[in-house]
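**Student:** Dropping the sequence and predicted coords here.
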Amino acid sequence: MNTPIDDIETGQAQARREALERTWADRPGFIGWLTTVDHKRIAHRYVATALVFFMIGGALALLMRIQLAKPENSFMGPDRYNQLFSMHGSAMMFLFAVPVMEAVAVFVVPLMVGARNIAFPRLNAFSYWVYLFGGVMIFTAFFLDVGPEAGWTAYVPLSSSDFSPGKRTDFWAQMITFTEVAALCIAVEIVATVMAMRAPGMTLARIPLFAWSMFVTSLMVIFAMPAVMLASTFLIADRLVGTHFYNAGEGGDALLWQHLFWFFGHPEVYIIFLPALGMISEIVQTFSRRPVFGYTAMVLALMATGFLAFGLWVHHMFATGLPPLGNSFYTAASMMIAIPSGAQIFCWIATIWTGRKALVAGRIATPMLFVLGFFALFVLGGLTGVMLASVPLDQQVHDSYFVVAHFHYVLIGGAVFPLMGALHYWFPKMSGRQLSERLGRWQFWLFFIGFNVTFFPMHILGLMGMPRRVYTYPSGLGWELPNLIASIGSWIVGLSVLLFAINVIRTLCRPRSAPDNPWGAPDLLWSVSSPPPAYNFEEVPVVGGREPLWPADRPLQVMTGLSHVRREALLTTTMDAIPATRWALPDPGIWPLWSAIALTVLFIWSIFNPWGVVLGAIPFAVAATIWFWPKRSQPSLGGANERDC
Amino acid sequence: MMRTSPLRWLLPAVAMLAAGGCNRVQSVLLSSGDQASAAGGIWNLMLWVCVPIYVFVLIALALAMRRRPTPAGTTRDRAIGRGLAAWLALVGALLTVLVTASFLVDRRINRVAVAPLQIRVTAHQWWWDIQYLDPDVSKRFSTANELHLPVDRDTRIELASADVIHSFWVPSLSGKLDLIPGRTNAMTLTPRRVGWYRGQCAEFCGLQHAHMALDVRVDNAAGFAAWRAQQLAAPQLPLSGAALAGEHLFESSACAMCHAVAGTIAGGHGGPDLTHLASRRMLAAGTWPMDRDHLDRWIADPQKPKPGALMPAVPLDPRDRAAIDDYLMGLR
């Protein structure tokens, strides 16, 4: 029964949507693919690329497990094996774990906080290209037998030009630079998005926990990554131009590398882990049908973890002979991490305890299944972490398979399981289609069982004295059986990841059918269609609580005033999210890509010749200048327009 | 003073330890020295604390999952808040216990050694150079890849590196300590059980990191003194003609460039000291058992069992090689 007024309103809404479509549309075809600055499209390719690197990294691990399946195996030699494990570690840490978390955040955070795009969209596009080129470079080098060979930690002097001649370590060090540039770009965008682009009414105390976790993570990236960029630049300088930062013979110090590396490397673990905590909070909340218990405690725990993470890098160096009293400080700091972690575990269990269990077709939903797996694995890994914080015990099991078991429990159990859950959880929004729950359950159980079969025996191997990073081992020390079991388990994990790939590809071949809010979740992300339109929100949503979509029948309030014919975002104040100004967001452009290409030329050139840094900077400067050249057609907004909001 | 973990039954680990032949020579859990026992004590304490916590968390989670939904409006968040405070207090208290215990044990491990035997271990890619130090120069000697220690006595080991970072780890006796170029670390070992133990480089050090093992013989005072006297003596002179020819070949070919035999003109220091080679248990840093057949194959092509090893395959015809084998097998 439409009244004429309704018709007019629908017509207006239709016209508004069409205007928005035109304004936010990418150019058609391949050019549009290259020039897009849409955070959703960039996140898609970011996640996909990271998952491809994950699978290649995993395949390398399977090869390593074949080699270690029996003692004195001749499947591969030490040179190949060393490259494999170095590449496995580097790919998983630098090309998968950190980027994939940031990639998910690039998709989720702007939608969660009610923004039309991420802050600095062109930087976002640039970040992806730099990351892609860095990853392609290191894998190309690896397949040409110039892959890293000194482990993902590349300790000097083993990685110095004396002991790692050729270009292998140079490629590795430059890969670090690529990935860190990419990670820093995203970190800046996320901080800006969470601090300045939240929907009106989303005060600090109403930010969804995933956005909080990404905010803390991004701050950590900003503080931690420069340390490793500095370290790897020193390394390149030592190798390429003969400086002596790490050369003990000339007054340098081999331990300087370890300090710089772990000052980054330990926070790195939490950079991977904190986003996972945010994912768990979202999933637990949705499937318990109640707000997470202890929101304030959760936020404080995230911050405490992020803060403490910078004060415990020395626990990776307990065997280097540093003064015992200093070591004790790092023991205490490392163990303190258990307090915020314990608080979070408690809050999640309390949430599940008091919530209504939301089931999907009578069963536990796949995302929740992965979260339950997280509890079983991460708590175990966390407890072995407490053990490793003790100096005397660490000196026994450090650099043994016990540590290998520990960090796979915390990284796979603590980050990959939540990530898998989150990918199942957000997949409907990202693609408009729901992954198969049945395949998801199979994937979960194979992963969970295979993971434990692979990594639990490694605790025992470590206690039985097996050091890590050995390409073979003698028989007669009792290491045969646990190694064989671990190798079998690794193939079960491989099968599970294959199932995931099949599930994703199969689902992507189907028509889009996902509802807007298939899980009944409470945050703004689920208020838009699946997948969201290019402009995300037709009108800026206004938020009155932490769970804007609960109860489900409450209409979402919106605020009008943003232009439909120009790309505009609303900036709000940091504390209370009061509308402050309108901000012109940039149109698609090709120059982020050209800048990334120029930067790639610079980085790769500098592997071979130090002059590459100087001369390679010229094309990059040109590309960046054109990128940032002010455009006459886009007068800056704000000022007079502010009142319009 | 061997200690086994009283909580071992809690872990399937035990089943595997048993299945794996209950290896005593290179194990953290079956300690045979003061330092390893101290660390083992921390391990036991950790298990007593961590296993119950783990079980408790999983039970809580299982109960939470099984629990029926609370009727709307009756969630008792205040009560749960008190629960959170209690939980954090418990975690904090347990951590305090663990930190304190860890600190005290660390102090015990780092105590000053009493009238110790002094040894200097220098790690090379991929073998161990071992020097027994003594104020009396005539009582110093070098050996390689096999460490002999007296039981029930402190030994202070200085650790240095000739190339990259390595790590000295004999799990049954003590935790590990790195050997870092440009630095000298030191640790004390106090073995409490006579026997053979195995150690292995624990810091990734390049191609043959996997084959950088160390044999440790803990002996009673008399046995150790006898071994020491034997090491101090020059090896017996070659008796057979073949062995004499072998010595000549050894000294005139590439061998002597890197290897030393005390009392002869072979004085290279690039590779292990071979003065009493035949008295050692293993060859090439634990790669092969020491016998004539393995020695011959090792000299013929060291790259085969240990690809990347810095010892080249010196071209020798089999007769010459046999002569060198004869000579080396006589170095006792």
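**Tutor:** Looks like it came in fine. Residues are numbered from 1 along each chain as shown, chains lettered A, B, ... in the order given.

**Student:** What parts of the stretch 51-200 of chain A come near chain B?
**Tutor:** A:77-79, A:82, A:150-151, A:155, A:157-158, A:162-163 (C-beta under 8 Å from any C-beta of the partner chain). Glycine gets a C-beta too; all of them are placed from N, C-alpha and C.

**Student:** Tabulate these (CSV), appending neighbour count, pLDDT and secondary structure.
**Tutor:** CSV is the format used below for these (neighbours: other C-beta atoms under 10 Å in any protein chain shown; pLDDT from 0 to 100; DSSP: H, G, I helix; E, B strand; the rest coil):
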residue, neighbour count, pLDDT, secondary structure
A:G77, 14, 94, coil
A:P78, 22, 96, helix
A:D79, 15, 96, helix
A:N82, 25, 96, helix
A:A150, 26, 95, coil
A:G151, 21, 94, coil
A:Y155, 22, 96, coil
A:P157, 26, 93, coil
A:L158, 25, 96, coil
A:D162, 15, 92, coil
A:F163, 18, 95, coil
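
**Student:** Just give me the closest of those to A:A319.
**Tutor:** Comparing these against A:A319 with C-beta to C-beta picks out A:Y155 as the nearest, at 12.0 Å.

**Student:** how about the closest one, phi and psi?
**Tutor:** When read as degrees, to the nearest 10, the backbone of A:Y155 gives phi -60, psi 130.

**Student:** any idea how far it is from B:W126?
**Tutor:** Relative to B:W126, A:Y155 is positioned 16 Å away (C-beta to C-beta, to the nearest Å).

**Student:** quick one: pLDDT of A:L556?
**Tutor:** The confidence metric pLDDT takes the value 87 at A:L556.

**Student:** pLDDT weak spots in the chain?
**Tutor:** With no chain named, the answer covers chain A. A:1-5, A:632-645 (pLDDT under 70).

**Student:** my bad, chain B
**Tutor:** B:1-24, B:69-75.

**Student:** farthest pair in the residues of the stretch 51-200 of chain A next to chain B?
**Tutor:** Going by C-beta to C-beta, the pair spanning these furthest: A:G77 and A:P157, at 22.8 Å.

**Student:** Residue 130: neighbouring residues, count only.
**Tutor:** All of this refers to chain A. 26 (other C-beta atoms under 10 Å in any protein chain shown).

**Student:** that's the other chain; I wanted chain B
**Tutor:** 21.

**Student:** helix/strand/coil for it?
**Tutor:** Following DSSP: H, G, I helix; E, B strand; the rest coil, B:I130 is assigned to strand.

**Student:** Kindly provide the distance from the spatially closest residue to it that is not a sequence neighbour to chain A.
**Tutor:** Distances taken as C-beta to C-beta, 6 or more residues apart in numbering or on different chains place B:T143 nearest to B:I130, at 5.0 Å, with adjacent residues excluded. Separation of B:T143 from chain A (C-beta to the nearest C-beta, to the nearest Å): 22 Å.

**Student:** The stretch 201-332 of chain B against chain A: which residues are in contact?
**Tutor:** So the stretch 201-332 of chain B meets chain A at B:201-210, B:213, B:286, B:307-308 (C-beta under 8 Å from any C-beta).

**Student:** out of those, which are buried?
**Tutor:** Among those, those scoring as buried are B:201-210, B:213, B:286, B:308 (criterion: 16 or more other C-beta atoms under 10 Å in any protein chain shown).

**Student:** Does stretch A:489-499 reach chain B?
**Tutor:** No - under the criterion of C-beta under 8 Å from any C-beta, chain B is not reached by stretch A:489-499; the shortest gap measures 13.4 Å.

**Student:** Off-centre distance for that stretch?
**Tutor:** Put simply, stretch A:489-499 sits 22 Å off its chain's centre (C-alpha atoms, centre = their mean, to the nearest Å).

**Student:** Which residues belonging to that stretch are considered buried?
**Tutor:** A:489-490, A:492-494, A:496-497, A:499.

**Student:** Could you do stretch A:573-588 as well?
**Tutor:** A:577, A:579-588.

**Student:** how far is it from where the chain is centred?
**Tutor:** Using C-alpha atoms, centre = their mean, the offset of stretch A:573-588 from its chain centre is 25 Å.

**Student:** Spell out the secondary structure type for A:F273.
**Tutor:** helix.

**Student:** who touches stretch A:137-144?
**Tutor:** Outside stretch A:137-144, the residues that touch it by C-beta atoms under 8 Å, 6 or more residues apart in numbering or on different chains are A:53, A:56, A:83, A:87, A:90-91, A:95, A:147-148, A:167-168, A:171-172, A:174-175, A:178, A:600, A:603-604.

**Student:** related to what we said a few turns ago, closest one of the residues of the stretch 51-200 of chain A next to chain B to B:P318?
**Tutor:** Closest to B:P318, out of all of those and judged by C-beta to C-beta, is A:G77, at 26.4 Å.

**Student:** need the contact list for that closest one.
**Tutor:** Counting by C-beta under 8 Å, 6+ apart, A:G77 has contacts A:471, B:307.

**Student:** Give me the phi and psi for it.
**Tutor:** phi -90, psi 180.

**Student:** May I see the buried residues of stretch A:295-307?
**Tutor:** A:295, A:297-299, A:301-306.

**Student:** What sits closest to B:G263 if chain neighbours are left out?
**Tutor:** B:A234 (3.8 Å).

**Student:** how about the one helix or strand A:L423 maps to: buried residues?
**Tutor:** In this assignment (DSSP states H and E), A:L423 forms part of helix A:417-431. Buried residues in helix A:417-431, counted by 16+ other C-beta under 10 Å: A:417-431.

**Student:** between the following helix or strand past it and helix A:417-431, how many degrees?
**Tutor:** The helix or strand immediately downstream of helix A:417-431 is helix A:437-463, counting by DSSP H and E. Inter-element angle recorded for helix A:437-463 and helix A:417-431: 150 degrees (by axes from the mean of the first three to the mean of the last three C-alpha atoms, to 10 degrees).
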